[in-house]
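Peer 1: need the 3D shape of this:
(3 chains)
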Amino acid sequence: MELRINQKTYQVDAEADTPLLWVIRDDLGLTGTKYGCGLAQCGACSVLVDGNVVRSCVTPVAGVVGREVTTIEAIEADEVGKRVVAVWVEHQVAQCGYCQSGQVVAATALLKNNPKPDDGQIAAAMVNLCRCGTYNAIQAAVHDLAANLATPAAPAGGNA
Amino acid sequence: MSTRPYTKIAGAVVLAGLVLLALLVWYGTRVPTSTLADEGSDTPDAALIQRGEYVARASDCVACHSLPDAAPFAGGLKMATPLGAIYATNITPDGATGIGGYSLADFDRAVRHGVAPEGRRLYPAMPYPSYSKLSDDDVRALYAFFMHGVSPVAQANKPSEIPWPLNMRWPIALWNQLFTEPGSFAERPGQNAQWNRGAYLVQGAGHCGSCHTPRGLAFNEKALSESGEQYLAGALLDGWYAPSLRNDPNTGLGRWSEADIAQFLKTGRNTHAVVFGSMTEAFNNSTQYLGDDDLAAIAHYLKSLPGDPQRDGPAWQYEVADASAFSGPGGHLYLTQCAACHGRDGKGQVPWIPPLAGATSALTTAPDSAINISLNGSLRVVSAGVPDAYRMPALRGQLSDQQIADVLSFVRTTWGNRGGKVDPQAVAKLRAHTDPASPTPIVLHMR
Amino acid sequence: MSARIDREASPLGEPINLSRRRFLLASGTVTGALVLGFALPSGSARMQAMAAESKAAGTQVGAFLEIRPDSTVRLLCPFIEGGQGTYTAMAQIVGEELDADPSTFLVESAPPGEAYVVMENGMRITGGSMSVRMSYPTMRRLGALARAMLLQAASARLNVPVAALTTEPGRVLHPVSGRSLTYGEMAADALDLPVPDVDSVTLRDPSQFRWIGKPVRRLDAYDKSTGKALYSIDMQVDGMLHAAVQHAPRLGMTVGELRNEAQVKAMEGVHSVHRLPGAVAVVAERWWHAKRAVEAIQVDWQEAAADATGRVMPADFSTVAYRERLANEPGPGREAEKEGDFAGTLAKATTRVEATYHNQYLNHAQLEPPSALARFNPDGTLDIWLPNQAQDMFLADIAKCAAIDPSRINLHSPLLGGFFGRHFLYETANPYPQAIELAKAVGRPIKLIWSREEEFLRDALRPMAVVKFRAALDDKGLPVALEAVSATEGPTESLAGKPGDQPDPTALEGLAGKSYAIPHRRIAQNYVKGPVVLGYWRSVGNSLNDFFYEAFLDELADKGGQDPFELRLHLLRDNPRLTHLLQSVVELSGGWKRGPFTAEDGSRRARGVAMASPFGTETAVVAEVSIENGQVKVHDIWQAIDPGSIVNPAIVEAQVNGAVSLGLSQALVEEAVYVDGKPRGRNFDLYPILPPARMARVHVKVIESGAKMGGIGEPPLPAVAPAVANAVARLTGQRIRSMPFSSYTFSQPA
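Peer 2: Got it, this is the predicted structure:
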């Protein structure tokens, strides 16, 4: 089947019910999207499909044919995603970092669809698990973004 | 005032009672005749044993008579009844503890009449009211399979935990008289062969009515064939609501094609639903093993059962839920707990993950199935030996009774669903009486 | 300079561990960079000679540091980064003395080897919240030694005395001439120099610190926000196959017949099916294929033989019954702490208090499922990537498993996707023996991943204990005698398989070692060996014992008519450090306000206080709670923490947040339940961990008292659960004597 991932077209040979996660990780070798539970419980595998967040561990690959998938590897190619990454670095959110790909993707989806989410909307969208307990840093980062998304993006990158 | 007349009357009543009792006991323990009584017991050929195995699959004997990780058909499954627990029996051909000593007629009487060799009545947990419709040929084949296709296992039956005097079996004979139909399935003239084959499988081996037909006060199925309009009209059993299998568009199969039904029984899933609850076991152990012709026949027969618009109401139609629909606590929970798989639009990812929009569990008044699967998740669907890629998680550890009530109230009143709101008390009750489904696949073996 | 440049340069499909090639060369010469050999057996003559020569740990500069031509500093860190910030902290510590900005550092885990044994207790593990506190002076000295070597090299190059030179970050200056050389320009020269005598270097005065003690930004923040950070589970090598396993449902069971082996072998993508000790495995081209196929195998599991070695999980084991078993364990126990005359005081006392507490088993539930990638190379060496917290111990065991000499093994320790004590050498809890066996069997590299379900089946659990308290109050209502007898098995005892000569400190810490001035004390253990494989879990024994002790202390306060905050102050009256700490947390929370009171949102709330002294650090917590939907809602956690001194306040605050989160998780929701010998929760559905909705606001006050440096990763955890329990008890009037609190029914307080 033909998949569109990060603006590239891939020919993938996989059964229809294969979770998108494993196509991304094992067929495409894009390991930024993480496996945590395989049961839509943790959100470490979150990716964007047509700009909306989905949990790729419970997304049969056949369902994304003809749609645009964005993984964490391409998140900075998105204007909002770039802002999210910058704020994530600014707030020093990550600890072990394993869940953060999914957190960044979830925040990007939220803010793309709703640049000014209220507390309830943030709570409904930012539900991925984090075992390191970065929840307060995530909250602070997303609130920061929600308050400032109108201002232009600062250059992201490194430890600058 | 003299008491004599009353004494006399009382004496007569007692005498009459005793006679009646004696008659009842005789009736209740007598051994019924079997149409297969006079046949010999030559070693059957392999084809007959194989056919018997197929009938055993269709009858889902293994569901009750086998335990996971134990020898096939050695019994031991605990079944709760309001009177106390009973245990499925050893039906391996072991002479001492199983049915090795059964003649064909003994076997027939147990399967089709619910009577053990010594005249003891079986509890109707054994679906003999349905199996009574089995043909002589199928009973012969079944007997051949159990005698020659199953390994004998010496494992004593566990006594039932029903206390005396409730454990007396002879009154069951009266129940049988009232609530079973004599004779095996008779083809209905005017219906084609496929319909009759379907009716035979559904009413007989399939014993679909055991779960899907509502029961009366005596726990009797209200109908045993399409002649009763309550037949397969949906029923509550063991914490699950087995939906209508009639042509009801909302609570039944009205929106399903015959091909949908056959696909569901063959693969466990279609674009409308995925098997869950007790149906997962019926699928894992029984329906997927049926031949395509038989599945088509079942589908054909079921589609002939008319729905009841009065009960079912106008046909469900999808309604878009806008952002405001998600503003309450239930909608919020739906987004955080359910939407990742079932979709913000409630349409699921068919056929892998079922839609909730238009699901029978969201359209039936009884919320039991919706509550049960939310609390306990689903058993693994094992299709053609391969466990499912996606399973429903058990949410009992994450959501309170109120939260489950909230989210299900949302599901059951959104996208055109109208099953109605869910009471947290109902969640609490089911929570207390159910256990989470095993996350590991359970495969019951017949050999 | 960013930490990601080289990773980007690495082509996808190659194992991304830049240090490997260099390590292979390590016993010989090296090219260009400042690198010294290290991969020597610790007993070898050369190593002994080197040790004699250097006389001190952490002085083989070349084994740790590589300075590249662009002056980027690569530091091979003795510890492993798993979120606790050790890579950044080490860059700060070394950079401070080397005079190199931490942001120019690229930090990776060092391989096994004697050279990296830098902890003052002679160990090298990433655990016990020890990394920074146990290696702080050594790692500073390492930076200073390297700086001295660079100065020496510059002195030769510029032909000026060392004394005429100075440094600024990343370069050597000759102020008189105005000449300067970058570190990168001199790295090659410095390589040829001997490591100076350790006494020849002076460490920087702390008042002059530029980076130590400052909120320096984490080196890994960007990589971890963009999916570029690589964990063991992400490793890929050419020709690799994937493997998945199905473990026996109960430990000790063995593989019997595979009923459908032929069918499974024929499944899509399957390479081969394997029988392993207590498990079956499928090797496939894709992990998803391996996982589906291995789940499909119908194994006829056999009960463990009567003479089976190792732990055997009985078919009738349940956590409920085991708790009863612990509760019924008789006897006074073996004493770990004894002061005064407990029995005599209790006998004479007019007011006695008794209570029994218990806790639950816990999974580590780190978000990265365990994996191992094993590759046997044509020359007979083995490269292996896996999550671990103790390289040398793992290397020794891998050598045993693979039956090859440790010198022929390259152990790679990528970033940990959380650990919390998960990645020690627990028998039956690590995938690498299986990966090694499979790689041998198929003759190709194998990456084995345990699914979440297999992980929760074989994880080593945080121990369970039932603790019986007895205490006596004097006529003023103050506690004068306290006894705690814990029926439990500690993780160290579990690893050993038997009790030691003394009670296991990791079983009793948090009951023993409390600072309260209760004159008559007795802390003891009844060792009960169970069938569950136990492990270290963030803050170890303190995670349960401080809950027991601090909640019981509130019971004593209530019984004696004391305010629990005032009582603690009284019991700490001769301990200025802890008095200050306790007053600080209460001040941080806006003053002591036990409640119940009505909050602005109309909810009824109360507060509780608790303290703990784990891993050389002192902590105090105030918690504010209400009841919402019948569940405990924790609104705020105030924590004052005194680790003596710190390296990075931002990371400390993050660690406090993380420890609070785990502390709340164990208090509110987590529990590993066993029924019929099997864990009921095999994934996050039936083993829930704290979700964001139940996180509390966290307020941190760091106190640098100047006391000996303590730990940071674990210490902020233990006082959380008892502070919450004490608040809930105050609010509801209901004593909380077990975790998790979800097993209690709470009604809305009036």
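
Peer 1: give me the neighbour count for B:T29.
Peer 2: Neighbourhood size, B:T29 [other CB atoms under 10 Å in any protein chain shown]: 15. In this view, the C-beta of every residue, glycine as well, is placed from N, C-alpha and C.

Peer 1: and the pLDDT at it?
Peer 2: The model reports B:T29 with a pLDDT of 80.

Peer 1: just the one 5 residues further on next, same as before
Peer 2: In the predicted model, B:S34 carries a pLDDT score of 85.

Peer 1: how close does it sit to chain A?
Peer 2: 48 Å (CB to the nearest CB, to the nearest Å).

Peer 1: ok, that residue - contacts?
Peer 2: With contacts defined as CB atoms under 8 Å, 6 or more residues apart in numbering or on different chains, B:S34 is in contact with B:104-105, B:108-109, B:112-113.

Peer 1: tell me the secondary structure for the nearest residue to C:E704 once chain neighbours are set aside?
Peer 2: Among residues not flanking C:E704 along the chain, C:S645 sits closest, at 4.9 Å (CB to CB, 6 or more residues apart in numbering or on different chains). Of the three states, C:S645 takes coil under DSSP: H, G, I helix; E, B strand; the rest coil.

Peer 1: do the same with C:A399
Peer 2: C:A399 falls in the helix class when you classify it by three-state DSSP.

Peer 1: now do the contacts for it.
Peer 2: Listed by CB under 8 Å, 6+ apart, the contact set of C:A399 reads C:405-406, C:409.

Peer 1: first to last residue in stretch C:210-220, what's the distance?
Peer 2: Distance between the two ends of stretch C:210-220: 20 Å, counting by CA to CA, to the nearest Å.

Peer 1: could you do stretch C:588-601 as well?
Peer 2: Per CA to CA, the first residue of stretch C:588-601 is 21 Å away from its last.

Peer 1: stretch C:554-567 too?
Peer 2: For stretch C:554-567, the first and last residues are 9 Å from each other (CA to CA).

Peer 1: got it, and stretch B:434-447?
Peer 2: Taking CA to CA, stretch B:434-447 runs 30 Å from one end to the other.

Peer 1: residues touching that stretch, excluding its own?
Peer 2: Counting by CB under 8 Å, 6+ apart, B:53, B:56-57, B:62-63, B:66, B:68, B:72-73, B:149-151, B:239, B:284-285, B:372, B:375-380, B:382, B:385, B:387, B:391, B:394, B:396, C:249, C:259, C:295-296, C:298, C:453, C:680, C:682-683, C:685-686 sit against stretch B:434-447.

Peer 1: filter the residues you listed down to the ones close to chain A.
Peer 2: Restricting these to those near chain A by CB under 8 Å from any CB of the partner chain leaves B:391, C:683, C:685.

Peer 1: the first one and A:A40 touch, don't they?
Peer 2: No: because the distance of 10.1 Å does not satisfy CB atoms under 8 Å, B:R391 is recorded as not touching A:A40.

Peer 1: show the residue spans covered by the helices in chain A.
Peer 2: Under the criterion DSSP state H, chain A contains helices at A:20-22, A:79-90, A:100-113, A:119-125, A:135-148.

Peer 1: okay, those in JSON lines with mean pLDDT and mean neighbour count next?
Peer 2: Output for the helices of chain A, formatted as JSON lines (pLDDT from 0 to 100; neighbours: other CB atoms under 10 Å in any protein chain shown):
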{"stretch": "helix A:20-22", "mean pLDDT": "98", "mean neighbour count": "26"}
{"stretch": "helix A:79-90", "mean pLDDT": "97", "mean neighbour count": "22"}
{"stretch": "helix A:100-113", "mean pLDDT": "97", "mean neighbour count": "26"}
{"stretch": "helix A:119-125", "mean pLDDT": "92", "mean neighbour count": "17"}
{"stretch": "helix A:135-148", "mean pLDDT": "95", "mean neighbour count": "19"}
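
Peer 1: tell me how far C:Y426 lies from C:E455.
Peer 2: In this view, C:Y426 and C:E455 are 12 Å apart by CB to CB, to the nearest Å.

Peer 1: which one's more surrounded, these two?
Peer 2: Neighbour comparison, C:Y426 and C:E455: the larger count goes to C:E455, with 25 against 20 (by other CB under 10 Å).

Peer 1: how about the residue lying closest to the more buried one once chain neighbours are set aside, what does it touch?
Peer 2: Spatial nearest neighbour of C:E455, excluding adjacent residues (CB to CB, 6+ apart): C:P369 at 5.0 Å. The contact partners of C:P369, by CB under 8 Å, 6+ apart, come to A:35-36, C:233, C:449-452, C:455.

Peer 1: C:P369 belongs to a strand?
Peer 2: No: C:P369: not assigned to a strand; according to three-state DSSP it is coil.

Peer 1: for it, give me the pLDDT.
Peer 2: Reported pLDDT for C:P369: 98.

Peer 1: one more: B:L174?
Peer 2: 88.

Peer 1: how is the chain divided into domains?
Peer 2: Let's take chain A. A:2-74, A:75-148 (automatic domain parsing).

Peer 1: hmm, I had chain C in mind actually
Peer 2: Split by automatic domain parsing, chain C gives C:5-225, C:237-302+C:365-458, C:330-361+C:462-743.

Peer 1: worst average pLDDT in those?
Peer 2: Lowest mean pLDDT within the domains of chain C: domain C:5-225, a mean of 82.

Peer 1: what pairs with C:L534 across the strands?
Peer 2: Beta bridges link C:L534 to C:L461, judged by DSSP bridges.

Peer 1: separation between the residue nearest in space to the middle of chain A and A:I72?
Peer 2: Centrality entry for chain A: nearest residue to the mean C-alpha point is A:V105, 1.7 Å, by CA atoms, centre = their mean. Counting by CB to CB, the gap from A:V105 to A:I72 is 6 Å.

Peer 1: excluding its backbone neighbours, what's nearest residue 143?
Peer 2: Let's take chain A. Of all residues not flanking A:H143 in the chain, A:I122 sits nearest, at 7.0 Å (CB to CB, 6+ apart).

Peer 1: should've been chain C
Peer 2: Nearest one to C:G143, counting by CB to CB, 6+ apart, is C:E97 at 3.2 Å.

Peer 1: sweet, I'm off.
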